[in-house]
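Novice: just the structure for this:
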Amino acid sequence: MKDIPLVSIVITYYRKRKYIKKTLSSILNQSYKNYELIFVFDDENKYDLKFINQLLKKFKKKKLIINKKNLGAAKSRNIAVKFCKGSYIAFIDSDDIWFKKKLNKQINFMRKNFCHFTFTSYNIINDKNMIIGKRKVNIDPSYLQLINSNIIGLSTVIINKKLLPKIKFPNLKTQEDFALWLKLLKNGNKLTHIKETFSSWRKTKSSLSSNTFQKIKDAFNLFYRIQNKNLIFSIFSVLVLGYNKLLKITKLN
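Specialist: Residues are numbered from 1 along each chain as shown. Sure thing, here's the model as predicted:
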């Protein structure tokens, strides 16, 4: 394993009991075996903890972090990164699915092309695991391109640990991954796309319809507070982002 780098897989969990087993199975089935799992249980209600512990028994290298209260994805991921021992960090949401060769192909691509950050195309699936759409990526986005439309799916991302934890996920309830990608671009890092599809993102009612106000609020804070844009630009950017998001949703239906 000396020439095969360790990959740290970060996953945060909050009430996804219906899907987490399939997500973890997709990690266990990876053809790339030199990985560790950093699992953050981010629920003040510990009802699912016994169930999660049973599922995690199948993993040889793992770290279970139990938050005393719900901290949200951003803070939970920042905590997880502190425990990552791998040269690369991969992220996956607790209801998404990876293809068997995802880690193997993506890590090989990154090493061959000296990339520090990669993201890929992905399928969109429903709660019954049926493919209902596809998101194809075909550019390494500039800051101006990405700020208008977040084309990067969190569960497709692998990042060289060297880029973290100096740059962290900002403290937002939603849009936190988008904010991090913009930070990385602003600091001169290249975000490299891979056209191939290596994962599936699950579209559920909670992922699109709930907390709409929170998402609008966080998008505004992303532009106005974190990106230091003026008021008019921030409002306009929220509208553009919302419009592009609506176009994507319409294409899926």
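Novice: same question for stretch 39-53, mean pLDDT?
Specialist: Averaged over stretch 39-53, pLDDT sits at 96.
Novice: tell me which residues in that stretch are buried?
Specialist: For stretch 39-53, burial by neighbour count (16 or more other C-beta atoms under 10 Å) applies to 39, 40, 41, 42, 43, 48, 52. Any C-beta I mention is one placed from the backbone N, CA and C, and that applies to glycine too.
Novice: sitting in strands, which of the residues you listed do you find?
Specialist: Applying DSSP state E to the buried residues of stretch 39-53, the entries found in strands are 39, 40, 41.
Novice: check residue 161 and give its pLDDT.
Specialist: The per-residue pLDDT of residue 161 was computed as 96.
Novice: I figured it hits residue 8, correct?
Specialist: Yes: Residue 161 lies in contact with residue 8 (C-beta atoms under 8 Å); the separation is 7.4 Å.
Novice: now do the shared contacts for those two.
Specialist: Common neighbours of residue 161 and residue 8, using C-beta atoms under 8 Å, 6 or more residues apart in numbering, are 84, 86, 88, 89.
Novice: pLDDT weak spots in this protein?
Specialist: 1-2, 206-253 (pLDDT under 70).
Novice: residues contacting the closest residue to residue 19 other than its chain neighbours?
Specialist: Nearest residue to residue 19, sequence neighbours excluded (C-beta to C-beta, 6 or more residues apart in numbering): residue 95, at 3.7 Å. Residues in contact with residue 95 (C-beta under 8 Å, 6+ apart) are 16, 18, 19, 20, 23, 202, 204.
Novice: make sure I have this right: residue 194 is in a strand.
Specialist: Yes: note on residue 194: a strand contains this position according to DSSP: H, G, I helix; E, B strand; the rest coil.
Novice: surely it and residue 106 touch.
Specialist: Yes: the criterion here is C-beta under 8 Å, and residue 194 meets it with residue 106 at 6.6 Å.
Novice: mutual contacts of these two, please.
Specialist: Common neighbours of residue 194 and residue 106 (C-beta under 8 Å, 6+ apart) are 118, 120.
Novice: pop out the phi and psi values for residue 159.
Specialist: Backbone torsions of residue 159, given as degrees, to the nearest 10, read phi -130, psi 140.
Novice: from the centroid of this structure, which residue is nearest?
Specialist: Nearest residue to the geometric centre of the chain (C-alpha atoms, centre = their mean): residue 154, 2.2 Å.
Novice: more neighbours, residue 194 and residue 106?
Specialist: Remark: of residue 194 and residue 106, residue 106 carries more neighbours, 26 against 19, as counted by other C-beta atoms under 10 Å.
Novice: buried sites along stretch 182-196?
Specialist: Result for stretch 182-196 [16+ other C-beta under 10 Å]: buried residues 182, 183, 184, 185, 189, 191, 192, 193, 194, 196.
Novice: for it, measure first residue to last.
Specialist: Stretch 182-196 has an end-to-end distance of 23 Å (C-alpha to C-alpha, to the nearest Å).
Novice: ok now it, how far from the chain's centre?
Specialist: Remark: stretch 182-196 is offset 14 Å from the chain centroid, using C-alpha atoms, centre = their mean, to the nearest Å.
Novice: could you dump the contacts of residue 95 to CSV with distance to residue 122 and neighbour count?
Specialist: Output for those, formatted as CSV (distance: C-beta to C-beta, whole Å; neighbours: other C-beta atoms under 10 Å):
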residue, distance to residue 122, neighbour count
16, 18, 20
18, 20, 10
19, 16, 17
20, 19, 19
23, 14, 22
202, 10, 22
204, 15, 15
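Novice: pick the one among the residues you listed closest to residue 68.
Specialist: The closest of the contacts of residue 95 to residue 68 turns out to be residue 16 (C-beta to C-beta; 19.4 Å).
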